[in-house]
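>>> requesting a structural model of the entry that follows:
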Amino acid sequence: MWVAELRLRDFRSYQVADLEFGPGATLIVGANAQGKSNLVEAIYTAALGRSPRAGAEVELIRFGQDRAYVRAGVQGARSQALEIAFDRTTGERRIKVNGVPANRGRLLGRCVVVMAGPLDDEVIRGAPMHRRRTLDAALSQASPSYFFALTRYLRVLRQRNELLRAAAGTATLAPWDDQLVELGAVLIERRRGFVERLGVRAVARHARLGGGDERLEVSYACAVGDGDERVGMRRALEARRAEEIRRATTLVGPHRDDLRLTINGVDVRTFGSRGQHHTAALSLRLAEVDLLREDLGEWPVVLLDDVLAHLDASRQAFLFHEVDGPQVLLTHPELPASLEVPMRVLRVRAGTVAEDARVSS
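Take a look at the predicted model:
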């Protein structure tokens with residue numbers, strides 16, 4: 001699949017933009033704060049129904065305007081038109097798939113994307129929520145059933161936390177415990193399987209990107225032990241019941257789990273260098289590409305936002321050969337001095353996009 005067209009109205013720095021893309025690699029160049037990252041953000045937003053970097057959806061609306069609109073036309077086994085609009089006044093987010101109003105569950109999987117970039121620093125070094133979000137985004141694109149289980153789990157979690165804050169008794173909590181256990185076990189099982197397969201592919205990617213001197217290991221950190229996840233969840237809830245009542249919040253479940261990354265047995269988050277952080281993050285994203293391609297039977301759209309800035313010339317060239325698929329979009333401040341891979345070049349200045357005459361070949 002690939003994004004054939006992108007239409008923006010008052011999205012971020014763009015008043016109006018109507019762009020056409022084709023298969024293959026496209027390099028989007030431009031100085032900082034000119035709008036190049038906004039383009040890949042728009043594609044991600046149309047595909048997943050939310051921005052990868054906005055703290056609040058109103059941030060996506062151009063300053064002084066009340067509404068932002070994104071439309072992505074997707075080509076593949078069948079054509080898809082994905083639309084999303086954000087309204088500052090009402091706070092609404094409206095999604096359409098092929099002209100029909102839809103929710104995120106119906107949107108996900110229509111255009112599968114993997115995005116790597118500066119935000120991945122948070123995935124490696126930040127709080128566990130960033131790593132959980134990465135897992136959930138990948139699994140939700142690959143499996144609607146996972147997304148619906150996650151949505152139901154978070155709904156149950158909110159209700160259970162409200163009851164804990166209201167000092168509800170054990171009898172009142174019991175039916176919510178049952179739902180939390182059932183849905184939480186499903187998420188843990190799916191995440192464990194995904195991370196195990198992701199780790200194998202990340203090790204291979206990291207060995208090539210890093211030159212083979214360091215070994216990356218990826219594992220799922222979960223309070224529930226291996227074995228029967230339902231039994232483990234229930235035992236963990238019972239063990240921490242008094243503490244949950246005292247703290248008025250749910251302390252057990254996949255909303256507390258994490259992704260652990262080590263290089264040569266050393267925790268990357270705490271002890272890794274900046275270079276190790278970047279290489280580990282990129283290896284994870286490329287492994288995600290591999291896994292989604294295998295699970296879905298087609299390549300995702302690959303979005304690489306300013307990842308070249310952290311690689312020397314030799315590793316930049318190596319990355320171009322590592323990344324494959326029907327469509328790859330990269331952003332970078334300037335056209336690299338030498339590229340061995342043919343690609344289209346677009347130049348962004350102050351929210352306008354033009355074809356660059358120096359198309360790499």
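
>>> and the next helix or strand past the helix or strand bottoming out on mean pLDDT in the chain?
Counting by mean pLDDT, DSSP states H and E, the chain has its least confident helix or strand at helix 313-322, which shows a mean of 80. The helix or strand immediately downstream of helix 313-322 is strand 327-332, counting by DSSP states H and E.

>>> so what touches that following strand?
1-3, 21-30, 36-37, 39-40, 43, 117, 299, 301-309, 343 (CB atoms under 8 Å, 6 or more residues apart in numbering). Just so you know, the C-beta spots here come from the backbone N, C-alpha and C atoms, and that holds for glycine as well.

>>> weed out the non-buried ones from these.
1-3, 21, 25-30, 36-37, 39-40, 43, 117, 299, 301-308, 343 (16 or more other CB atoms under 10 Å).

>>> which SSE is immediately downstream of the lengthiest helix in the chain?
Secondary structure of the chain per DSSP state H: the longest helix is helix 170-209. Sequence order places strand 216-221 as the next helix or strand after helix 170-209, per DSSP H and E.

>>> could you export that next one as CSV, CA atoms only?
Extracted in CSV, the C-alpha atoms of strand 216-221 (Å, rounded to 0.1, in the frame of the first residue of the first chain):
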residue,chain,number,x,y,z
LEU,A,216,20.3,-5.6,21.5
GLU,A,217,17.8,-7.6,23.5
VAL,A,218,14.1,-6.7,23.8
SER,A,219,11.8,-8.3,26.4
TYR,A,220,8.3,-7.6,27.8
ALA,A,221,8.4,-6.6,31.5
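
>>> and it with helix 170-209, angle?
170 degrees (axes from the mean of the first three to the mean of the last three CA atoms, to 10 degrees).

>>> still on that earlier bit, check which helices and strands the longest helix of the chain sits against.
helix 128-142, helix 144-165, strand 216-221, helix 229-239, helix 274-296, helix 313-322 (3 or more CB pairs under 8 Å, 6 or more residues apart in numbering; DSSP states H and E).

>>> can you list the residues that contact the second one?
Going back to what we said before, that points to helix 144-165. Contacts of helix 144-165 (CB under 8 Å, 6+ apart): 104-105, 108-109, 136, 139-140, 172-173, 176-177, 179-180, 183-184, 186-187, 190, 244-245, 248-250, 253-255.

>>> and that helix, which residues are buried?
Here helix 144-165 shows 146, 147, 149, 150, 153, 156, 157, 160, 164 as buried, counting by 16+ other CB under 10 Å.

>>> CSV for these, including pLDDT?
Shown next, in CSV, are the buried residues of helix 144-165 (pLDDT from 0 to 100):
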residue, pLDDT
146, 97
147, 97
149, 97
150, 98
153, 98
156, 98
157, 98
160, 97
164, 96
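
>>> pick out whichever of the residues you listed sits closest to residue 285.
residue 146 (19.1 Å; CB to CB).

>>> state the pLDDT value of the closest residue to that closest one other than its chain neighbours.
Distance criterion CB to CB, 6 or more residues apart in numbering; nearest residue to residue 146, sequence neighbours excluded, is residue 139 at 4.5 Å. We have a pLDDT of 97 for residue 139.
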